Each structure stands twice: as structure tokens, then as C-alpha cells.
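> here's a sequence, model it:
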Amino acid sequence: MWSIATFNVNSVRTRLPVIVRWLSENPVDVLCLQETKVDDAHFPAEPFVSLGYHAYFHGEKSYNGTAIISREELFDVRFGFDDGEKPTAETRLIITRCKNIHILNTYVPQGKSIDHPDYTMKLNFLKRIHRLLDNNFSPSNPLLWLGDMNVAPTEKDVSRPETKKNHVCFHSDVREIFASVVSWGFVDVFRKHRPGEGEFTFWDYRVKNALERNIGWRVDHILATPPLADLSVDCLADREVRTWERPSDHTVVKAVFQE
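As a prediction, the model looks like this:
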């Protein structure tokens, strides 16, 4: 079996005990991180190296940042878009290859509010992902797109959807664009194995007892092209991690594939 996970850590240094504990108990082959919030000179790579992993990362002080922790050495590691547009989003996107599997790890902009320029940037970010896929891959390639997408795709991916219609992670515009990218050739691996209600990956700190009341969002995703999706045997959100001391507001999503 081969396994991969995604985790928005909301500061890799603050969350390091949580990440190391989870990885020690769940030694996946690849762990993709988002919102590492640290510049490259201060990224805590050594604990991962001590566990037998390679660490690839690019970040900024206090915000953004993505990383991939991998047992195998990765090939063709690239950061950001290489499409001539600004911003290049170098700390929001990693694209690489592990053996014969291509991996796209993204931290999609949250958007702030519908009338904020960041929301327009978010919609364009997803459109750029679509063009990146068109220009570099085919749905017949073994490709994974995973990370914090900041999109709840359907009504069952968020609590009380009737109150979220103008939220930047649930507005019809962003859901439509996200669906268009997914329809390029991806299978939602989580929903393949967990089609039911009440499955979330993010519980807002600001909502009282959000985890206990299961008031959440499913915005962290693992998407696979058909050659990989057909090999998937499970995908789950590890809710327990959100109960640990000093947790992220997100939890880990893990997928397992036959080799």
C-alpha cells in the first residue's frame, strides 16, 4: 500500500508536536502541508529528517507557505505558477513527482469577502490551476491534486449551507469554478469512500465548541485522476487530531492506494 495525506497546519512551528506525533503514529509515504507560515531559513526540517523523510518547502514569515514531506526523494520540484501571470504564488503551490505519481499541493487563497480583491484572485487561482492541468497533464496520467482548496463543493460539505451562500468558500461562483477544474479529470477520493453527511475537515476556532457540535467545513481535499482513483482503498479525515493539545483548526486527510 501507498499513502498520502494533506494537512493545513496553520503554522508548522506552532503545530510541530502535533505533526510529528501524527506522522510517527501514521507513517504515510507523503505528507503535504499548507499554511506553514515560516520563511525557508526557519523551516523545522530536522524532525522530519529524523523520522526518515525528505522535506521540500517554500514559505513566508507569518502567512502562506506549502511543504511536502516524503519518504522517497522527489523529482522536478517546482513552486508556484510558471504562466507569466502575477502573482506567481510561489508559496501557495508545489508541483512534483514521487516515483511515477505527479503531485500538486495547493493552498488556495481564502478570499476574505465576496467584494474583496482577494476573492477575485481566488477565482483566478483556480482558473490558473485549470490551465496548468491543460498544459502539462492528461486525465490518463497518475496525478493527485490535494491541499486546502478553501472550497466546500456541495451542501453536505458545510454545516447549515443555507446560511453560507455568500461565503467566499461556498459562493456559487467559486463552487462552479472548482467543479469545472475537478471535471477536467479528477475523482473526489474522499467522497468515493465517505459519501455520508457530517464529514468535515475544518472546525472554526471562533465557533464555540465547533468540534463537539460538529459545525464544520470540508475544504481540504484529495483528488485523483482515474488511474489512481481506481487504486484507492480508503480516504478519511482524522478527526482525533483536532482534539489534541494546540491543534490546527483543520485536521489531516489521508488516502491509501494499492501499489
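> what ranges do the helices span in the protein?
16-25, 46-50, 117-136, 172-182, 189-193, 210-213, 226-229 (DSSP state H).
> could I get these as CSV with mean neighbour count?
(C-beta placed from N, C-alpha, C; glycine too.) Shown next, in CSV, are these (neighbours: other Cβ atoms under 10 Å):
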stretch, mean neighbour count
helix 16-25, 16
helix 46-50, 14
helix 117-136, 16
helix 172-182, 17
helix 189-193, 20
helix 210-213, 14
helix 226-229, 18
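> those helices into CSV, with extra columns for mean pLDDT?
Formatted as CSV, the helices of the chain follow (pLDDT from 0 to 100):
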stretch, mean pLDDT
helix 16-25, 98
helix 46-50, 98
helix 117-136, 98
helix 172-182, 98
helix 189-193, 98
helix 210-213, 96
helix 226-229, 98
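> for those helices, could you give me a markdown table that also reports distance to Phe75?
As requested, these are exported to a markdown table (distance: least, Cβ to Cβ, whole Å):
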| stretch | distance to Phe75 |
| --- | --- |
| helix 16-25 | 22 |
| helix 46-50 | 18 |
| helix 117-136 | 14 |
| helix 172-182 | 24 |
| helix 189-193 | 23 |
| helix 210-213 | 38 |
| helix 226-229 | 17 |
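> quick one: closest of the ones you listed to Ile94.
helix 117-136 (12.2 Å; Cβ to Cβ).
> and the closest one, what does it pack onto?
Helices and strands touching helix 117-136, by 3 or more Cβ pairs under 8 Å, 6 or more residues apart in numbering; DSSP states H and E, are strand 101-107, helix 172-182.
> which one of those lies nearest to Trp203?
strand 101-107 (18.4 Å).
> among the helices of the chain, single out whichever gets nearest to Trp244.
helix 16-25 (5.5 Å).
> mind listing residues that contact that closest one?
For helix 16-25, the external contacting residues (Cβ atoms under 8 Å, 6 or more residues apart in numbering) are 7, 9, 12, 31, 33, 44, 47-48, 51, 53, 69, 238, 241, 244-248, 252.
> how about stretch 77-93?
With contact meaning Cβ under 8 Å, 6+ apart, stretch 77-93 is reached by 56, 58-60, 64-66, 68, 94-96, 104-109, 121, 124-125, 128, 131-132.
> try it again at 7 Å.
56, 58-60, 64-66, 94-96, 106-107, 125, 128, 131-132 (Cβ atoms under 7 Å, 6 or more residues apart in numbering).
> take the contacts of helix 16-25 and keep only those in strands.
Per DSSP state E, strands hold the following members of these: Phe7, Leu31, Leu33, Ile69, Asp238, Val252.
> of the residues you listed, buried ones?
Among these, those classed as buried by 16 or more other Cβ atoms under 10 Å are Phe7, Leu31, Leu33, Ile69, Asp238, Val252.
> skipping adjacent residues, who's closest to the third one in space?
Nearest non-adjacent residue to Leu33, counting by Cβ to Cβ, 6 or more residues apart in numbering: Ala67, 4.3 Å away.
> before we move on, what about the first one?
Leaving aside its sequence neighbours, Phe7 sits nearest to Val252 (Cβ to Cβ, 6+ apart; 4.5 Å).
> just checking, Pro142 touches Ile103?
No. Using Cβ atoms under 7 Å, Pro142 makes no contact with Ile103, being 9.8 Å away.
> pLDDT at Phe75, what is it?
If you check Phe75, the pLDDT there is 93.
> Gly65 now?
Reported pLDDT for Gly65: 98.
> thanks a lot, catch you later.
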